[in-house]
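K.L.:
how would this look folded up:
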Amino acid sequence: MFKVRALAVAALAVAIAAPAAAQPDTTYPAKPIRIVVSVPAGGGVDLSARIVANHLQALWSQPVTVENRTGGSGNIAGEAVWRSTPDGYTLLATPPNILTANAALFQKLNYDGSTLTPVAILALGPNVLAVKNGSPAKTVPELIAHAKANKLSYASQGNGSTSHLTFELFKSRTGIQATHIPYKGAAPAVNDLAGGHVDTMFCDLGTILPLHRAGRVRIIAAATSKRISLLPDAPTIDESALPGFNSTTFFALMAPPKTPRDVREKLNKAIVAAMRTPEVQERLKSIFVEPSDLDVDAMDKFIGAEAKLWGGVIRAAKITVGQ
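P.N.:
Purely as a prediction, here's the structure:
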């Protein structure tokens with residue numbers, strides 16, 4: 001009798017001492033949400049973040065503000081969000097570099113971008129390969145042959161940028177040599193391509209498509225896994241020369257480390273639902289990007305694979321940026 005009672009008391013004590021399982025935050029969001037954008041206003045990341053912010057604000061009747069904190073190749077914004085309280089009220093909107101490249105590009109960072117937690121992919125932006133109008137190359141195989149017989153220069157948006165890394169991947173897959181001409185942003189790079197001062201470059205579709213349509217540059221291939229609906233006649237590099245070649249810019253919404261899964265999933269489901277509405281799809285189409293429906297787990301795997309790919313490219317090409 002006393003033994004049974006003692007066991008019961010002990011069991012009760014253990015039950016009281018054991019921490020309760022984490023319960024979903026059913027009150028979220030109970031206050032304003034802030035999205036910190038790592039690039040200047042007006043670009044694809046910024047516009048995608050504002051499209052989503054407007055939708056979430058209307059859905060939840062809570063203010064959702066967008067704040068641009070630029071500089072340091074995105075590291076200023078990345079560190080600020082990384083150090084924020086992990087409660088879902090401070091989020092980071094960023095292109096891939098913070099998540100897939102900066103750890104390999106910089107000798108030292110004050111934060112660990114790999115521990116930022118995924119919320120949603122805001123949009124996917126196709127990259128394309130373009131040449132100057134005077135180039136004899138009209139296809140990817142012709143460009144490869146031309147590069148092997150002549151000195152070639154390629155422009156990029158800057159050292160360590162997506163356009164830079166994509167061309168380095170192209171070089172490693174084809175065995176060509178080309179001189180890198182880095183610019184401070186996409187606009188001066190594509191302008192010099194249009195002026196014939198450089199031979200070729202990879203660029204996001206939204207930036208270079210107007211010049212292609214105006215006949216000032218020539219897009220010869222898409223760097224995506226399938227053809228782009230806006231350029232159905234442009235073959236992919238995958239189909240025309242290099243199987244498996246793929247470079248797609250993505251705009252990610254991330255949260256600080258240890259942000260509760262239920263909060264991130266609530267955000268993800270709301271954003272994915274928004275992506276399926278005709279209004280949001282039309283707005284994304286107007287800035288030449290596409291919606292994504294990845295959940296938080298699929299997004300985590302996608303970013304991990306991208307970090308492995310581009311980290312390998314950076315190390316193989318021995319690319320560094322100023323500290």
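
K.L.:
how close does Leu129 sit to Asn75?
P.N.:
29 Å (C-beta to C-beta, to the nearest Å). Yep, even glycine has a C-beta here, placed from its N, CA and C like the rest.

K.L.:
and these two? which has more neighbours close in?
P.N.:
For Leu129 versus Asn75, the count of surrounding residues by other C-beta atoms under 10 Å is larger for Leu129: 27 against 20.

K.L.:
for that one, what is the enclosing helix or strand?
P.N.:
Per DSSP states H and E, Leu129 falls inside strand 117-132.

K.L.:
for whichever helix or strand comes after that strand, what is the average pLDDT?
P.N.:
The element immediately downstream of strand 117-132 (helix or strand, assigned by DSSP H and E) is helix 140-149. For helix 140-149, the mean pLDDT works out to 97.

K.L.:
mind listing the strands the helix or strand just after helix 140-149 pairs with, and their directions?
P.N.:
For helix 140-149, the following helix or strand on the C-terminal side (DSSP H and E) is strand 153-156. Strand 153-156 pairs in its sheet with strand 179-182 (parallel), strand 200-204 (parallel), by DSSP bridges.

K.L.:
what's next to strand 153-156, contact-wise?
P.N.:
Strand 153-156 has contacts (C-beta atoms under 8 Å, 6 or more residues apart in numbering) with 163-164, 167, 178-183, 189-190, 192-193, 198-202.

K.L.:
are any of the residues you listed buried, and which?
P.N.:
163-164, 167, 178, 180-183, 189-190, 192-193, 198-202 (16 or more other C-beta atoms under 10 Å).

K.L.:
let me see the contact set for the closest residue to Val289 other than its chain neighbours.
P.N.:
Closest residue in space to Val289, ignoring its immediate chain neighbours: Ala123 at 3.9 Å, by C-beta to C-beta, 6 or more residues apart in numbering. Ala123 makes contact with Gly44, Ser48, Phe250, Phe251, Leu284, Ile287, Val289, Glu290, Pro291, Ser292 under the criterion C-beta under 8 Å, 6+ apart.

K.L.:
what about 10 Å?
P.N.:
When contacts are counted by C-beta atoms under 10 Å, 6 or more residues apart in numbering, Ala123 is found next to 44-45, 47-49, 51-52, 249-252, 275, 280, 284, 287-292.

K.L.:
part of a helix, is Ile35?
P.N.:
No - assignment of Ile35 by DSSP: H, G, I helix; E, B strand; the rest coil gives strand, placing it outside any helix.

K.L.:
count of residues packed around Thr26?
P.N.:
Neighbours of Thr26 under the rule other C-beta under 10 Å: 8.

K.L.:
what do you get for Gln107?
P.N.:
A total of 7 residues lie near Gln107 under the criterion other C-beta under 10 Å.

K.L.:
pLDDT weak spots in this structure?
P.N.:
Applying pLDDT under 70 to the chain flags residues 1-25, 322-323.

K.L.:
cutoff 80 now
P.N.:
Across the chain, residues meeting the criterion (pLDDT under 80) sit at 1-26, 322-323.

K.L.:
spell out which residues make up each domain of it.
P.N.:
Using automatic domain parsing, the domain parsing of the chain gives 33-124+250-317, 126-240.

K.L.:
dump the ones you listed into TSV; add distance to Thr26 as well.
P.N.:
Shown next, in TSV, are the domains of the chain (distance: least, C-beta to C-beta, whole Å):
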stretch	distance to Thr26
domain 33-124+250-317	9
domain 126-240	39
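
K.L.:
Thr27 is nearest to which of the ones you listed?
P.N.:
domain 33-124+250-317 (10.3 Å; C-beta to C-beta).

K.L.:
now do the end-to-end distance for the closest one.
P.N.:
40 Å (C-alpha to C-alpha, to the nearest Å).

K.L.:
now Trp60, nearest residue through space, not along the chain?
P.N.:
Leaving aside its sequence neighbours, Trp60 sits nearest to Pro29 (C-beta to C-beta, 6+ apart; 5.5 Å).

K.L.:
looking at this, the one you found is in a strand?
P.N.:
No - looking at Pro29 with three-state DSSP, it is coil, so not inside a strand.

K.L.:
right, and it touches Thr90 too?
P.N.:
No - in this structure, Pro29 is not within contact of Thr90 by C-beta atoms under 10 Å, at 11.7 Å.

K.L.:
take the strands paired with strand 153-156 and write them to TSV, including distance to Pro118.
P.N.:
Shown next, in TSV, are the strands paired with strand 153-156 (distance: least, C-beta to C-beta, whole Å):
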stretch	distance to Pro118
strand 179-182	30
strand 200-204	22
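
K.L.:
count the neighbours of Ile223 for me.
P.N.:
Check again: residue 223 is Ala, not Ile. Ala223 - counted by other C-beta under 10 Å - has 28 other residues nearby.

K.L.:
got the phi/psi numbers for it?
P.N.:
Dihedral angles of Ala223 (phi, psi; degrees, to the nearest 10) stand at phi -90, psi 10.

K.L.:
having no further points to raise, I will conclude here.
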